[in-house]
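[1] Pasted the sequence and its predicted model underneath.
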Amino acid sequence: MDNRIALCTELENEISKQGYSLSRFSQISGINRGILSATLNGNPPKPMSINQLDTMTTALGKPEGWLYERFAEQCFDEQGKTNWRRVRALLLRCIELNRNVLIERILCLLLEDISYLNQVFELAEELIADNPSESVMQLYECVVSNERNYQAERLAISHYRIFRYAIKRDIKQNFIAAVTFQPFCERLPQDIQLDAWLNLSNIYYAVQEWKLVNNCGNQLISITENIYSQQKHKDITSERPFVKYVGQAYLCKAIFHQKNGNYDKAIIYTQKYSDLEWLSDLEVEDKKEIEKFKIFAKGNLYGIELYRGNFNVLKEYAKFLEVHPHETMAGLLNILTTANQYNVCIDYVLKKFRPFILKNLYNDTYIKRFIVDNQYTNLCYQLALYQSKRSNHSKDLKSTLLLFEKAVQKCNISLTLDYTSLLQNVIRSMP
């Protein structure tokens, strides 16, 4: 009660300070005089809504969020009773205004009664789709900090939401977020697990943790087979078409075997994600994904042949990249890496794709768009390594090395690459 009176007193003092009578303030604020009187002068005062406080705040010319601290206090009375409806409305406004310090204070008061933890979680779930902000993350962090049941699904979901929000351009930080979250992944509902394992696989691919990529593939195979065997694939509410997860599962396995030199197994799994038309109930979006996987598989099969030392496919591969320019980055990386590995001259390929290299690799805007992808940094390195071995490329080497250094710094790839040792490799390779 004292908190409610304190809020009303501050409002009355400001109204009086600005020279308004109750009737006049009722007119300019648009609040009914009787309601206004009961709210400010009642004994006890009528509970005030956050909308009423906002309306009075605007009428008094005060900034948004004025007296929210006072309002928060009067949501929790001295007997420990909490009005969730009022707290919820206040939290929503604080989230809109990014009042993160106050949000933390409100949650601290609210969770003195742990029974409100589920309301906090449900509110976060309502907001996450349209507002994945730091303020909403505070709600999930509150659940993580206060959940007593380690097996609880809402704990796993909260960790997943925090993980997704944490994914940024910094590869090292992404990896830390991934390994922090992964222990909770198997406690998620299956439809969310699909997206979780797919996102984990992308991060592990970026940091070249091939065993972890393989594990993601195994998990996706297990989940998709279980869902499909029960004919539930049309009912899941995942972020992507079901066929995407089936293809990603085989792709993870193919990558793992290729990186470990098991090319025959890599081909088997590549062929699996190149042929996904056996899946039933295919819709337009599914068919689009299937076509993407077919193209991706064709390019990767060329790449596998190069890694096996079969450069007879190089001309066909180059033609493929011309037809499918969105595969050029990955394709050039495969070509340069294997050319350096087998000491093969690919000058004619670089000449063919020189416009791409000049337009994109040596263009700052390209770096800003693609810095999240470790392929860019690896391509800069492989190109520098190739140029260092051939004197006719020496004039381009300095530019490539500068790009490589910039990419290393922006992408924070210290987890997977040692810039100094790589640079020394380039220097040692120079004639």
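    Sure thing, it's come through.

[2] what about the longest helix in the chain?
    Longest helix of the chain, by residue count under DSSP state H: helix 284-307.

[3] so what does that helix touch, helix or strand wise?
    Here helix 284-307 touches helix 242-259, helix 263-274, helix 314-323, helix 328-342, going by 3 or more Cβ pairs under 8 Å, 6 or more residues apart in numbering; DSSP states H and E. For every residue, glycine as well, the C-beta is placed using N, CA and C.

[4] and the second one, which residues are buried?
    Of all the residues in helix 263-274, those buried under the rule 16 or more other Cβ atoms under 10 Å are 263, 266-267, 269-270, 272-274.

[5] Kindly report the same for the third one.
    Buried positions in helix 314-323, judged by neighbour count with 16+ other Cβ under 10 Å: 314, 317-318, 320-321.

[6] hmm, who's touching that helix?
    298-299, 302-303, 306, 327-328, 331-332, 334-335, 346, 349, 352-353 (Cβ atoms under 8 Å, 6 or more residues apart in numbering).

[7] excluding its backbone neighbours, what's nearest Leu139?
    Nearest residue to Leu139, sequence neighbours excluded (Cβ to Cβ, 6 or more residues apart in numbering): Ala124, at 3.7 Å.

[8] Pretty sure the one you found sits against Ser158.
    Yes - applying Cβ atoms under 8 Å, one finds Ala124 in contact with Ser158, separated by 7.4 Å.

[9] which residues do the two both contact?
    Contacts common to Ala124 and Ser158, judged by Cβ under 8 Å, 6+ apart, are 140, 143.

[10] Would you reformat the helices and strands packed on helix 284-307 as a markdown table and include mean pLDDT and distance to Asp396?
    Putting those into a markdown table (pLDDT from 0 to 100; distance: least, Cβ to Cβ, whole Å) gives the following:
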| stretch | mean pLDDT | distance to Asp396 |
| --- | --- | --- |
| helix 242-259 | 97 | 29 |
| helix 263-274 | 98 | 32 |
| helix 314-323 | 97 | 19 |
| helix 328-342 | 94 | 13 |
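
[11] State the helix or strand in which Gln208 lies.
    If you go by DSSP states H and E, Gln208 is not part of any helix or strand.

[12] Roughly how far does it sit from Lys259?
    Gln208 is 8 Å from Lys259, where distance means Cβ to Cβ, to the nearest Å.

[13] how close does Leu383 get to Leu397?
    9 Å.

[14] Burial check on Ser135, number of neighbours?
    Per other Cβ atoms under 10 Å, the neighbour tally for Ser135 reads 20.

[15] Could you point out which residue ranges in this protein have low pLDDT?
    For the chain, applying pLDDT under 70 flags the ranges 1-3, 77-80, 361-373, 391-395, 407-431.

[16] Let's see that with 80 instead.
    Across the chain, the ranges flagged by pLDDT under 80 are 1-4, 43-44, 77-81, 169-170, 357-377, 390-431.

[17] returning to that earlier point: the more surrounded of Leu383 and Leu397?
    Leu383 (25 against 20).

[18] So what angle separates the directions of whichever helix or strand that one is part of and helix 328-342?
    Per DSSP H and E: Leu383 is located in helix 374-388. Calculated by axes from the mean of the first three to the mean of the last three Cα atoms, to 10 degrees, helix 374-388 forms an angle of 40 degrees with helix 328-342.

[19] Helix 374-388 packs against which elements?
    Contact here means 3+ Cβ pairs under 8 Å, 6+ apart; on that basis helix 374-388 packs against helix 328-342, helix 364-370, helix 394-411, helix 419-429.

[20] what do you get if the cut-off is 6 Å, keeping everything else the same?
    Packing contacts for helix 374-388, counted by 3 or more Cβ pairs under 6 Å, 6 or more residues apart in numbering; DSSP states H and E, involve helix 328-342, helix 394-411, helix 419-429.

[21] Hmm, the residue nearest to Leu139 is touching Tyr140, no?
    Yes - in this structure, Ala124 is within contact of Tyr140 by Cβ atoms under 6 Å, at 5.3 Å.

[22] what comes up buried for the helix or strand Ile223 falls within?
    Element membership of Ile223, judged by DSSP H and E, is helix 210-229. Neighbour-count burial for helix 210-229, with 16+ other Cβ under 10 Å as criterion, is recorded at 210, 212-217, 219-221, 223-224, 227.

[23] go on, stretch 36-56?
    36-40, 45-46, 48, 50, 52-54, 56.

[24] Kindly reformat those as CSV containing distance to Thr9.
    Listed next are the buried residues of stretch 36-56 as CSV, based on distance: Cβ to Cβ, whole Å:
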residue, distance to Thr9
Leu36, 15
Ser37, 15
Ala38, 15
Thr39, 12
Leu40, 9
Pro45, 10
Lys46, 15
Met48, 12
Ile50, 18
Gln52, 16
Leu53, 14
Asp54, 19
Met56, 13
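
[25] Looking at these, which are in helices?
    In this view, the buried residues of stretch 36-56 that belong to helices under DSSP H are 36-40, 50, 52-54, 56.

[26] can I get the residues you listed in a markdown table with distance to Leu403?
    A markdown table is the format used below for those (distance: Cβ to Cβ, whole Å):
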| residue | distance to Leu403 |
| --- | --- |
| Leu36 | 66 |
| Ser37 | 70 |
| Ala38 | 69 |
| Thr39 | 64 |
| Leu40 | 66 |
| Ile50 | 52 |
| Gln52 | 58 |
| Leu53 | 55 |
| Asp54 | 51 |
| Met56 | 58 |
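
[27] nearest to Ser133, of those residues?
    Nearest to Ser133 among these: Ile50, at 18.9 Å, using Cβ to Cβ.

[28] distance of the closest one from Glu69?
    Between Ile50 and Glu69 the distance, using Cβ to Cβ, works out to 13 Å.

[29] got it, and Ile227?
    Distance, Ile227 to Glu69, by Cβ to Cβ: 48 Å.

[30] Over to Asp191?
    Asp191 sits 40 Å away from Glu69 when distances are taken as Cβ to Cβ.

[31] Right, I'll call it a day here.
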